[in-house]
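S.K.: 3D, please:
(2 chains)
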There are 2 protein chains.
Amino acid sequence: MAYDGVETPHGKVDRMLGGAATYIGLAASCFTSVKIVAVVGDDFANEDVALLTAKGIDLEGLERVRGKTFFWAGKYSADMNDRETLRTDLNVFADFQPKLPAAYRTAPYLLLGNIQPALQRDVRAQMQSVRLAGGDTMNYWIRDYRAELVETLRDWDFLLINDSEARMLSGEYNLRRAAARILKMGPRTLVVKRGEYGAILFADGSHFMAPGYLLEDVFDPTGAGDSFAGGFIGYLAERGVKPGGAIDLQEWRRAVIYGSVMGSFCCEQFGVDRFRTLTREEVEKRYREFKACTDF
Amino acid sequence: MAYDGVETPHGKVDRMLGGAATYIGLAASCFTSVKIVAVVGDDFANEDVALLTAKGIDLEGLERVRGKTFFWAGKYSADMNDRETLRTDLNVFADFQPKLPAAYRTAPYLLLGNIQPALQRDVRAQMQSVRLAGGDTMNYWIRDYRAELVETLRDWDFLLINDSEARMLSGEYNLRRAAARILKMGPRTLVVKRGEYGAILFADGSHFMAPGYLLEDVFDPTGAGDSFAGGFIGYLAERGVKPGGAIDLQEWRRAVIYGSVMGSFCCEQFGVDRFRTLTREEVEKRYREFKACTDF
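M.R.: You can find the predicted model right below:
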């Protein structure tokens, strides 16, 4: 969990609630009950705690320590396809060791946000009865912590990464070949996110292509990938999807669409603002729009 | 019609058959009977004429003049998303004035390849009973011949352009807004091509998103956009689609998918080579693959 400073062509916010756990949790809370494990500093605002608890998110695993919350600041390019990091202050996040409350250890679904692979593995190991586990990673871990990451991925049911990360992890430029290599590393299901161009699900020898939602205004893309992940795992949890035996591919495909739906809503306002008012009816309406604009 | 010299990471061909009319004609000939209007020089090879006639393409409108055929040479980047033009010799194309044989003037479907807008308008004007007319253009005409192009577009039923051209033509970065502006310029239907990411059809207040086919090997992307156009118009012609009254949106959507199918085949071998052996059964099989990989 973090505070972000963000500048886009639509405006500038010096400090607002952010962080992967925040976006994932808010998006997933539209579908299922959510428990967050994260760390914040003593500057973490009560109103931000209130937003999360109002969405039914369990914060027993939210550790508060002396110091400042992780801070990131960035500026987006005019077309918002690139961003420049202006500042990264790890603050209390630097010494984070995720500790799961006892009540969390029997949760059936686990989404591991982007963090050091050894810590992801440690959390995974604390949840021996998990039904479905997977997560995200990024270029930094792929490049500098490869062995640790490969070891971690072995125990995941699914991996969500963007296209450039899939290329880096596999050493293959072509996404079909890249996916084939990654699926040999452990995860049975791979979702390759392509930003505004949608996402591709690879599983069981086939693939599914989801388009990106065509927004009329992208205010702030921050958190869209994490919101995708939240919608994805949230839907799978709501449906009780299991990894063993024959994969119900249609459910996984729908999970990718719900991920895209949540990612698209995220971009409509700054930071997490869209999630403050978002209703399940709006989510279902957009899901139907995805149906309508892909049918032939 | 042209000769091309192409270098991709998969190889190099110094001189091979190319040109918009060639790719459009070959792709469309999978669906319907095709008549080509174009110009070539006295260096145009008999074997290239033979390939086109073997596909049932009518070459009465193929003008042969003294001099050399248009020549283009280019080199693709390692990821094949960019290309550098190494050489453009207009040759006999410089003085091209398209003249339609009498037998062409009553053809019901017209696809205008990328050429000076005034010439496109002149061809359109020669076909007073056409059922459906549209075409392609490019950045050069948008930038330097805007007034002429806008005048030309007024009489088109559809326009096919890529995303950067749609942005340039409309002055809007966002594709939804760009499409809304372009649809006010005349064409009732707009197809925005996005290269490997597929295409979007805008018509009658809604849009349809077609994914790009996920090829395992892209050998040579030259001609993919023109092959898309050929598949698109070929399918519409085969189905007898008309522009007046209520648009049969599902047919237009399927035309976009057939366009994508033909564009994907084009990339599988150098130049037009894939079209030498391509069968309608292979086309239908790939169409079904599009269905399968987008269904949810």
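S.K.: buried sites along stretch A:32-44?
M.R.: For stretch A:32-44, burial by neighbour count (16 or more other Cβ atoms under 10 Å in any protein chain shown) applies to A:32, A:34-41, A:44. C-beta: built from backbone N, CA, C; applies to glycine.
S.K.: now the residues you listed in TSV, with distance to chain B and secondary structure?
M.R.: TSV is the format used below for those (distance: Cβ to the nearest Cβ, whole Å; DSSP: H, G, I helix; E, B strand; the rest coil):
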residue	distance to chain B	secondary structure
A:Thr32	20	coil
A:Val34	24	coil
A:Lys35	28	strand
A:Ile36	29	strand
A:Val37	31	strand
A:Ala38	32	strand
A:Val39	37	strand
A:Val40	36	strand
A:Gly41	38	coil
A:Phe44	36	coil
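S.K.: taking those together, which two end up most distant?
M.R.: Within the buried residues of stretch A:32-44, two members stand farthest from each other by Cβ to Cβ: A:Thr32 and A:Gly41, at 28.3 Å.
S.K.: I'd assumed A:Ala21 was in contact with A:Leu52.
M.R.: No: the pair A:Leu52 / A:Ala21 is not scored as a contact, 9.4 Å apart, by Cβ atoms under 8 Å.
S.K.: what residues are shared contacts of the two?
M.R.: A:Ile36 (Cβ atoms under 8 Å, 6 or more residues apart in numbering or on different chains).
S.K.: for these two, indicate the residue with more neighbours.
M.R.: A:Ala21 (26 against 22; other Cβ atoms under 10 Å in any protein chain shown).
S.K.: I'd assumed the more buried one was in a strand, is it?
M.R.: No: applying DSSP: H, G, I helix; E, B strand; the rest coil, one finds A:Ala21 to be helix, outside a strand.
S.K.: can you pull the contacts of it?
M.R.: A:1, A:36-38, A:113 are the contacts of A:Ala21 under Cβ under 8 Å, 6+ apart.
S.K.: tell me who's in contact with the residue in the stretch 1-150 of chain A positioned nearest to chain B.
M.R.: Using Cβ to the nearest Cβ, the closest approach of the stretch 1-150 of chain A to chain B is made by A:Asp79 at 6.0 Å. Neighbouring residues of A:Asp79 by Cβ under 8 Å, 6+ apart: B:Tyr173.
S.K.: tell me which element it falls in.
M.R.: Per DSSP states H and E: A:Asp79 is located in neither a helix nor a strand.
S.K.: ok, now A:Gly259?
M.R.: helix A:249-266.
S.K.: what distance do you get for the residue nearest the centre of chain A to B:Tyr213?
M.R.: Centroid-nearest residue in chain A: A:Asp226, 2.8 Å away (criterion: Cα atoms, centre = their mean). Going from A:Asp226 to B:Tyr213 by Cβ to Cβ, to the nearest Å gives 29 Å.
S.K.: so which residues on the stretch 151-296 of chain A come close to chain B?
M.R.: A:173-177, A:194, A:197-198, A:200, A:206-211, A:214-218, A:250, A:253-254, A:256-257, A:291-296 (Cβ under 8 Å from any Cβ of the partner chain).
S.K.: so which elements touch the helix or strand encompassing A:Gly74?
M.R.: Using DSSP H and E, A:Gly74 sits within strand A:70-76. In terms of contacts (3 or more Cβ pairs under 8 Å, 6 or more residues apart in numbering or on different chains; DSSP states H and E), strand A:70-76 is packed against strand A:2-8, strand A:83-89.
S.K.: put together a markdown table for those, with distance to B:Ile161 on each row.
M.R.: Output for those, formatted as a markdown table (distance: least, Cβ to Cβ, whole Å):
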| stretch | distance to B:Ile161 |
| --- | --- |
| strand A:2-8 | 27 |
| strand A:83-89 | 28 |
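S.K.: so which of those strands is the most surrounded?
M.R.: strand A:2-8 (a mean of 22; mean count of other Cβ atoms under 10 Å in any protein chain shown).
S.K.: now do the helix holding A:Gly259: distance to the chain's middle.
M.R.: On the basis of Cα atoms, centre = their mean, to the nearest Å, helix A:249-266 sits 12 Å off its chain's mean C-alpha point.
S.K.: out of the helices and strands packed on strand A:70-76, nearest to A:Tyr104?
M.R.: Closest among these, once you apply Cβ to Cβ, is strand A:2-8, at 20.9 Å.
S.K.: orientation of the closest one relative to strand A:35-40 in degrees?
M.R.: Going by axes from the mean of the first three to the mean of the last three Cα atoms, to 10 degrees, strand A:2-8 is angled at 80 degrees with respect to strand A:35-40.
S.K.: so is strand A:2-8 next to chain B?
M.R.: No: on the criterion Cβ under 8 Å from any Cβ, strand A:2-8 is out of touch with chain B, staying 12.8 Å away.
S.K.: quick one, helices of the stretch 1-150 of chain A?
M.R.: With helices called from DSSP state H, counting those that start in this stretch, the stretch 1-150 of chain A shows them at A:20-28, A:46-54, A:117-125, A:139-144, A:146-153.
S.K.: of all those helices, which one comes closest to B:Gly56?
M.R.: Closest approach to B:Gly56 among the helices of the stretch 1-150 of chain A (Cβ to Cβ): helix A:139-144, 51.3 Å.
S.K.: list the buried residues for that closest one?
M.R.: A:141-142.
S.K.: only alpha carbons, please: show it as CSV.
M.R.: This file holds the C-alpha atoms of helix A:139-144, laid out as CSV (Å, rounded to 0.1, in the frame of the first residue of the first chain):
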residue,chain,number,x,y,z
ASN,A,139,11.0,-6.4,-14.9
TYR,A,140,13.2,-5.7,-11.9
TRP,A,141,12.7,-9.2,-10.4
ILE,A,142,12.9,-10.9,-13.7
ARG,A,143,16.3,-9.3,-14.5
ASP,A,144,18.0,-9.2,-11.1
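S.K.: returning to that earlier point: turn the contacts of A:Ala21 into a markdown table, columns for distance to A:Val283 and pLDDT.
M.R.: Below are these laid out as a markdown table (distance: Cβ to Cβ, whole Å; pLDDT from 0 to 100):
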| residue | distance to A:Val283 | pLDDT |
| --- | --- | --- |
| A:Met1 | 23 | 97 |
| A:Ile36 | 20 | 98 |
| A:Val37 | 25 | 98 |
| A:Ala38 | 24 | 98 |
| A:Gly113 | 21 | 96 |
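S.K.: in strands, which of the residues of the stretch 151-296 of chain A next to chain B fall?
M.R.: Of the positions in those, A:200, A:206-210 sit in strands, assigned by DSSP state E.
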